[in-house]
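Peer 1: Pasting the sequence and the predicted coordinates here, then a few questions.
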Amino acid sequence: MKAKELRGKSPQELAQELESLLKAQFSLRMQHATQQLNNNSEIPKVRRDIARVRTLMTEAARKP
């Protein structure tokens, strides 16, 4: 997911995106813990996406 794609979304859409990413992160962590996760590189990708969304939400909150 690119920051350009996220910048066009409304604050409500960003909140929904963050919620779905947090659920995905939880799911990946559980799969990793039970050794069912095939692709370990998904975990850092989701973490970066969460950081992108939170950064854009912070930027939007600071805008006058």
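Peer 2: Yep, it's here.
Peer 1: Going by C-alpha atoms from here, please, whenever you check contacts or count neighbours.
Peer 2: Fine.
Peer 1: Would you map the helices across this protein?
Peer 2: 3-7, 11-33, 42-62 (DSSP state H).
Peer 1: As JSON lines, those helices with mean neighbour count and mean pLDDT would be great.
Peer 2: As requested, those are arranged in JSON lines below (neighbours: other C-alpha atoms under 10 Å; pLDDT from 0 to 100):
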{"stretch": "helix 3-7", "mean neighbour count": "12", "mean pLDDT": "87"}
{"stretch": "helix 11-33", "mean neighbour count": "15", "mean pLDDT": "96"}
{"stretch": "helix 42-62", "mean neighbour count": "14", "mean pLDDT": "95"}
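Peer 1: Centre-most residue in this protein?
Peer 2: The centre of the chain sits closest to residue 50, judged by C-alpha atoms, centre = their mean, with a distance of 2.8 Å.
Peer 1: Contacts only, for that residue.
Peer 2: Residues near residue 50 by C-alpha atoms under 8 Å, 6 or more residues apart in numbering: 18, 21-22.
Peer 1: how about 10 Å then?
Peer 2: Applying C-alpha atoms under 10 Å, 6 or more residues apart in numbering to residue 50 gives the contacts 17-22, 25, 44.
Peer 1: Using TSV, lay out those residues together with distance to residue 32.
Peer 2: Below are the contacts of residue 50 laid out as TSV (distance: C-alpha to C-alpha, whole Å):
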residue	distance to residue 32
17	22
18	21
19	20
20	18
21	16
22	15
25	10
44	12
